[in-house]
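Engineer: A structural model of the following input is requested.
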Amino acid sequence: MDATAGSGETPANPSGPADAVPGQAGAAGHVNAAGQVGAAGQGDGVVGRADAVAGRAVETSQTLDRGLRLLHLVADASGGLTVTEAANQLNIGRAAVYRLVSPLIGHGMLRRDGDGRLRLGAGLLHLARRAQPLLAEGALPALRRLAEQAGATAHLTVVEGGEGVALAVVEPSWTSFHVAYRAGARHPLDRGAAGRAILAGRAGDAAPVSSSGELQAGAYGVAAPVLGVPGLEASVGVVALAPLDVDTIGPQVLAAATTITNALR
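Structural biologist: I've put the predicted structure just below:
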């Protein structure tokens, strides 16, 4: 009986095996809880890293956007820009402008003149030379068709350094006489049909523009702006030794401008 009573009391013993089970359960629970906390911590770390990467991507995109806007501002400022002027126009601090300027100067995109003003660098000319043949190649089929239709010298004129520059020129094949217009010829934008068409295009006016003797005595021109190509200011037109009928030539020039726009997009 005593032995039976003793063995009956054994489960009630706090030091007995019954305590070992809760203890093990508690330890397992602790391990599980630690595992859960660890998993949550790892998840938070992944989310945190993703947020950091996204934040850096946004910051990089913003920096690139500001750098490109700075290049456009300098390009539009014939006298260059000071850092303060650039900061005011970009609505950022001078220190941020200096951070943009340093790598752009290092890559030759910008330079400082003797007065410390920011101006475009020779690196952009290198890029422009690479881009110009592509522009000319895209425009040539439309220029050839225009020259043959109009019986006049056709040209694509682009803006470079505040002036109009003849980038591509095509002469008609069937006329006895026509204007010899040299590719690379420059002229002010406010003189000649090609330049004035570009100025009209800035105001959103796509109508053909005509001129007479503005660039060369006895020469007549009709031109229309090339619109809808991001980053490009250009016009397409014809020049002849005799007066041009705008009602006839105008639609041909407009059609060429549209074709060139579609080719360069």
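
Engineer: Hmm, residue 71 is touching residue 110, no?
Structural biologist: Yes: counting by CB atoms under 8 Å, residue 71 touches residue 110, with 7.3 Å between them. All C-beta spots, glycine's among them, are computed from the backbone N, C-alpha and C.

Engineer: neighbour count winner among these two?
Structural biologist: Each of residue 71 and residue 110 has its neighbours counted (other CB atoms under 10 Å); residue 110 has more, 24 against 18.

Engineer: Quick check: the gap between the nearest residue to that one once chain neighbours are set aside and residue 123.
Structural biologist: Here the nearest residue to residue 110 in space, its sequence neighbours aside, is residue 104; by CB to CB, 6 or more residues apart in numbering that works out to 4.3 Å. Residue 104 sits 9 Å away from residue 123, going by CB to CB, to the nearest Å.

Engineer: Who has more neighbours out of these two?
Structural biologist: residue 104 (21 against 16).

Engineer: which stretch of helix or strand covers that one?
Structural biologist: In this structure, residue 104 sits in helix 94-106 according to DSSP states H and E.

Engineer: What mean pLDDT does that helix get?
Structural biologist: On average, the pLDDT along helix 94-106 is 96.

Engineer: Same check on stretch 150-163?
Structural biologist: Per-residue scores along stretch 150-163 average to 93.

Engineer: in stretch 87-104, what's buried?
Structural biologist: 87, 90, 92, 97, 100-101, 104 (16 or more other CB atoms under 10 Å).

Engineer: contacting residues for residue 265?
Structural biologist: By CB atoms under 8 Å, 6 or more residues apart in numbering, the residues touching residue 265 are 228-229.

Engineer: same thing with residue 138?
Structural biologist: Residue 138 sits in contact with 260, 263-264, where contact means CB under 8 Å, 6+ apart.

Engineer: quick one on the thing from earlier: got the CA coordinates for the helix holding residue 104 in CSV?
Structural biologist: Coordinates of each C-alpha in helix 94-106 appear next as CSV, following Å, rounded to 0.1, in the frame of the first residue of the first chain:
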residue,chain,number,x,y,z
ARG,A,94,24.2,76.3,-55.0
ALA,A,95,25.8,73.2,-53.4
ALA,A,96,23.5,70.9,-55.4
VAL,A,97,24.5,72.8,-58.6
TYR,A,98,28.2,72.3,-57.8
ARG,A,99,27.5,68.6,-57.4
LEU,A,100,25.9,68.5,-60.9
VAL,A,101,28.6,70.7,-62.5
SER,A,102,31.6,68.7,-61.4
PRO,A,103,30.9,65.4,-63.3
LEU,A,104,29.5,67.3,-66.3
ILE,A,105,32.7,69.2,-66.6
GLY,A,106,34.7,66.0,-66.1
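
Engineer: What is the next helix or strand after that helix packed up against?
Structural biologist: Downstream of helix 94-106, the first helix or strand assigned by DSSP H and E is strand 110-112. Using 3 or more CB pairs under 8 Å, 6 or more residues apart in numbering; DSSP states H and E, the elements in contact with strand 110-112 are helix 17-76, helix 94-106, strand 118-120.

Engineer: what bridges to residue 164?
Structural biologist: Following DSSP bridges, residue 164 is listed with bridge partners residue 159, residue 187.

Engineer: Against residue 117, how distant is it?
Structural biologist: The gap separating residue 164 from residue 117 is 25 Å, by CB to CB.

Engineer: Residue 236 too?
Structural biologist: For residue 236, the distance to residue 117 equals 35 Å [CB to CB].
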